[in-house]
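Colleague: Compute the structure for the input listed below.
(one chain, ligands or ions: 2)
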Amino acid sequence: MKAFTEDSILLAIETSCDETAAAVFRGERLLANVISSQVVHAQYGGVVPELASRAHVQTITFIVREALEQADVYPAEIDGIAVTNAPGLIGALVVGTNFAKGLAVRWNIPVVPVNHIEGHIYSPFLEHHALEFPYLALIVSGGHTLLALVHSFEHYEVLGTTRDDAAGEAFDKIAKMLGLGYPGGPEIDRHARKGNPHAYQFPRSLIHAKNFEFSFSGLKTAVRGVIQRHQDPLPESIICDICASAQEAIVDVLVAKTLKAARKFGIARIVVAGGVSANSRLREWFEQIARKEGLQVFIPSMEYCTDNAAMIGLVGRYKLLHHPNLSLQFLASPTFVLPQHQTASSPAS
Ligand code: KG4
Ligand code: ZN
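Modeller: Numbering: from 1, shown residues only. Ligands and ions are numbered 1, 2, ... in the order given. As a prediction, the model looks like this:
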């Protein structure tokens, strides 16, 4: 088998949810980053797992081929593969991991599993070369919300996660209640620009709690209450006010908890990543806080906020370089299980 070195060519594959994505690196340089978003789910107002798996099966070969063409790389030149194996939709992950393993056997090259959340945690390194350890990472995606203290490429502590809905899930569910399209986050973002963020005082659950946990289900219930008090159909102005007020409540909690952790641990570098980091109010608020508090805030540009294979390649490359004795014997897993070298701290005091 070929050895994987600093200049090696890497193919990365991501299929954990409703994006089929492939990226190619030559050494540190990202040569191609191709993403196909599945439109089939929009009509159902949410991701249908079985349809996601089938769409990945239909698309993955084309996406990988497209990435190789854009990178101007022949299959025989690839030295290693990185693939998302957890967390996510199990059927979707199985498509990507089996495809990657098949290619690795065929080409006799190593394949490494990458945790999707770790992809988001380290994603700012794709662009921000000034980023250094340690930093705080706020990861806000459709399936997960967590705050982590990141010490190095292989060591981070999870300070807190969500007790119920993830931030992105809250955006998606509120958008669905308002009859807006899927994914809901960008729709709420768009409508919020025309609304009043102070029209409704929605709950900011756990904002004053000493821990770093999140909860967004109370917000969802409060929004449902407001919707029920109005006659159907809701006027556009009310929809915009609800969007702006709900978005303000979510962002307020995310910023407050992150700031609290920054002060507690004396960390001045903050990473915000995952799909919800595409939110314009979240980005604006973090930029203001950075100026006011003298913090450095790193948020990936749009193409690296939401799911992509470049972030999987970034982590996979590190693993291939530092752990050369990898085996094919890894499984896809739907849950976010902390790898053994990571710790979950409970800084409740
Ligand atoms: O990280 P991601 O692409 O996929 C998962 O790993 O889940 O995150 C998708 C989530 C969805 O819930 C989507 O509504 C949310 O990110 N999202 C946004 C925005 N763009 C995407 N949420 C708020 N505002 C946005 N502009
Ligand atoms: Zn994600």
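
Colleague: now the residue nearest to G88 when sequence neighbours are not counted: how far from R229?
Modeller: Distance criterion Cβ to Cβ, 6 or more residues apart in numbering; nearest residue to G88, sequence neighbours excluded, is S16 at 2.9 Å. All C-beta atoms are positioned from the backbone trio N, CA, C, and that covers glycine. Relative to R229, S16 is positioned 38 Å away (Cβ to Cβ, to the nearest Å).

Colleague: Looking at those two, which one has more neighbours?
Modeller: Neighbours per residue, other Cβ atoms under 10 Å: of S16 and R229, the larger number sits with S16, 30 against 8.

Colleague: Surely that one and V83 touch.
Modeller: No - the criterion here is Cβ atoms under 8 Å, and S16 misses it with V83 at 9.8 Å.

Colleague: Quickly list what's touching both of those two.
Modeller: G96 (Cβ atoms under 8 Å, 6 or more residues apart in numbering).

Colleague: Please tell me the pLDDT value assigned to the residue nearest to G88.
Modeller: Confidence at S16, expressed as pLDDT, is 94.

Colleague: Helix, strand, or coil at it?
Modeller: coil (DSSP: H, G, I helix; E, B strand; the rest coil).

Colleague: quick one: contacts for it?
Modeller: Contact partners of S16, counting by Cβ under 8 Å, 6+ apart, are 84, 86-89, 92-93, 96, 116, 307.

Colleague: nearest to I188, of these?
Modeller: Nearest to I188 among the contacts of S16, counting by Cβ to Cβ, is D307 at 18.7 Å.

Colleague: Run a quick neighbour tally on the closest one.
Modeller: Counted with other Cβ under 10 Å, residues neighbouring D307 total 26.

Colleague: Output stretch 51-71 as CSV, restricted to C-alpha atoms.
Modeller: This file holds the C-alpha atoms of stretch 51-71, laid out as CSV (Å, rounded to 0.1, in the frame of the first residue of the first chain):
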residue,chain,number,x,y,z
LEU,A,51,-34.9,9.2,0.1
ALA,A,52,-31.6,10.6,1.3
SER,A,53,-29.8,7.2,1.1
ARG,A,54,-31.2,6.6,-2.4
ALA,A,55,-30.2,10.0,-3.6
HIS,A,56,-26.6,9.5,-2.3
VAL,A,57,-26.5,6.1,-4.2
GLN,A,58,-27.5,7.8,-7.4
THR,A,59,-25.2,10.8,-7.1
ILE,A,60,-22.0,9.8,-5.4
THR,A,61,-20.2,8.4,-8.4
PHE,A,62,-20.9,11.6,-10.4
ILE,A,63,-19.9,13.9,-7.5
VAL,A,64,-16.6,12.1,-7.0
ARG,A,65,-15.9,12.1,-10.7
GLU,A,66,-16.7,15.8,-10.9
ALA,A,67,-14.3,16.6,-8.0
LEU,A,68,-11.5,14.6,-9.6
GLU,A,69,-12.1,16.4,-12.9
GLN,A,70,-12.1,19.8,-11.3
ALA,A,71,-8.9,18.9,-9.4
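
Colleague: residues touching the residue of the stretch 201-349 of the chain found nearest ligand 2, list them.
Modeller: Relative to ligand 2, the nearest point of the stretch 201-349 of the chain is D307 (4.5 Å; Cβ to the ion). With contact set as Cβ under 8 Å, 6+ apart, D307 has these partners: 14, 16-17, 19, 21, 35, 116, 141, 275.

Colleague: Apply 10 Å and report the result again.
Modeller: Listed by Cβ atoms under 10 Å, 6 or more residues apart in numbering, the contact set of D307 reads 14-21, 35, 37, 84, 88, 116, 119-120, 141-142, 274-275.

Colleague: cool, and F298?
Modeller: F298 makes contacts with 123-125, 127-128, 130-131, 135, 137, 269-273, 286, 290, as judged by Cβ under 10 Å, 6+ apart.

Colleague: Could you do R193 as well?
Modeller: 240, 243-244, 247, 280-281.

Colleague: Dump the residues you listed into a markdown table; add secondary structure as well.
Modeller: A markdown table is the format used below for the contacts of R193 (three-state DSSP):
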| residue | secondary structure |
| --- | --- |
| C240 | helix |
| C243 | helix |
| A244 | helix |
| Q247 | helix |
| S280 | helix |
| R281 | helix |
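
Colleague: Compute the number of surrounding residues for R65.
Modeller: The burial count for R65: 13, using other Cβ under 10 Å.

Colleague: what about the helices in this structure?
Modeller: For the chain, the helices defined by DSSP state H occupy 49-71, 90-107, 116-122, 167-177, 184-192, 217-229, 236-265, 280-293, 302-305, 310-322.
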